[in-house]
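1. this one's structure only:
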């Protein structure tokens, strides 16, 4: 297993499942972790300038909290984790993840996902030669028959 694991994080349950898998691998194989959060400024597009501009610092603060939570989760398992926060538009998130993985010489990228075809995990997988492990988190468990519980 590679000595460095890069983990993109957001506040979703799927993302935390990916983090837990990365922590499990890091504990098992003695890997270093780097946690990355990208503030998506595209969420502010189309809003009046003052309101949209005011949202970005709030989103950056929320991103730092996500990274602090991730670091605390890793440290509770005995793994030190570096954190990085970026601010960019939605079209750059996968590129930033891939760039950071390459710059840090990560051996694997572990991403929690809800399994959407056009999600971050598949965008990262398509943009890199570094192995990508997608940890799929289903929103609701499925019964064997394929029906969703009420």
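-> It's in. This structure is a prediction, so every number in the text was calculated from the model and none was measured. Numbers count the residues shown, from 1 in each chain.

2. Hmm, residue 80 is touching residue 74, no?
-> Yes. The pair residue 80 / residue 74 is scored as a contact, 7.1 Å apart, by Cβ atoms under 8 Å. All C-beta spots, glycine's among them, are computed from the backbone N, C-alpha and C.

3. who has more neighbours, those two?
-> Just comparing residue 80 and residue 74: by other Cβ atoms under 10 Å the higher neighbour count belongs to residue 74, 23 against 10.

4. Run the chain-centre distance for the lowest-mean-pLDDT helix or strand in the chain.
-> Each helix and strand of the chain was given a mean pLDDT (mean pLDDT, DSSP states H and E); the minimum falls on helix 49-76 at a mean of 87. With Cα atoms, centre = their mean, to the nearest Å as the basis, helix 49-76 stands 13 Å off its chain's centre.

5. How about stretch 112-121?
-> Here stretch 112-121 shows a centroid-to-chain-centroid distance of 11 Å under the convention Cα atoms, centre = their mean.

6. One more: stretch 14-22?
-> On Cα atoms, centre = their mean, the centre of stretch 14-22 falls 8 Å from the chain's centre.

7. So which residues make contact with it?
-> Judged by Cβ atoms under 8 Å, 6 or more residues apart in numbering, the contacts made with stretch 14-22 from elsewhere in the structure are 5, 7-9, 33, 35, 70, 73-74, 110-114, 133-137.
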